[in-house]
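Trainee: I would like the atomic coordinates for the input below:
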Amino acid sequence: MSLEDLPYRQNIGLVIFNEEGDVFAGERIDTPGAWQMPQGGIDEGEDIETAAYRELYEETGIEKRHLELLEIATEKTSYDLPPELQKRLWRGRFRGQEQVWLAFKFTGSDTDIDILAHDPPEFSRWKWLPFPDLLDYIVPFKKDTYIKVMALFKGHIK
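Mentor: Numbers count the residues shown, from 1 in each chain. Okay, here's the model as predicted:
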């Protein structure tokens, strides 16, 4: 089966805006130098919002009480993994990911963020970045997706 014939893994992507309008970015623990916003799979029987709050807690330690849901994107985005990653991730069953993105306002303080809340952790470190600056930190194969997400949530970008 060729890469193009494989399905996309269903996934959620999560944009967390702080009071200043910056977004949460984490450096992947398994790929130093690769930064991204939280994202994750949707478990069987989970709705999108439940998956979002679970993934946010697992990857950032942020509890639901410190989040205000701003918007759920009405259109999905997708990206293909580079062939070398596609072969080793998810046992080669998917060509990449198709994502529903959600935007949240973070209402807590930085001390409410704990990237070590889940074992194993997803991120080695984190920071707040202006959304456009995040494009300088992410892996190239996700750049088009992040540009689309910026357009989807432009009303929330300060």
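Trainee: Low-confidence bits of the protein, can you list those?
Mentor: Scanning the chain for pLDDT under 70 picks out the ranges 1, 3.
Trainee: mind redoing it with 80?
Mentor: Residues of the chain that meet the criterion pLDDT under 80 lie in 1-4, 86-92.
Trainee: For burial, what's the neighbour tally of the closest residue to residue 23 other than its chain neighbours?
Mentor: Nearest residue to residue 23, sequence neighbours excluded (CB to CB, 6 or more residues apart in numbering): residue 131, at 5.0 Å. (C-beta placed from N, C-alpha, C; glycine too.) Look at residue 131: counted by other CB atoms under 10 Å, it has 21 neighbours.
Trainee: what's the answer for the one 3 residues further on, then?
Mentor: The burial count assigned to residue 134 is 22, neighbours taken as other CB under 10 Å.
Trainee: dump the residue contacts of the residue nearest to residue 6 when sequence neighbours are not counted.
Mentor: Excluding its sequence neighbours, the residue lying closest to residue 6 (CB to CB, 6+ apart) is residue 95, at 4.0 Å. For residue 95, the contact set (CB atoms under 8 Å, 6 or more residues apart in numbering) comprises 3, 4, 6, 7, 8, 80, 81, 86.
Trainee: What about these, which one has the most neighbours?
Mentor: residue 81 (23 neighbours).
Trainee: Please verify my assumption that that one contacts residue 141.
Mentor: Yes: counting by CB atoms under 8 Å, residue 141 is a contact partner of residue 81 at 6.7 Å.
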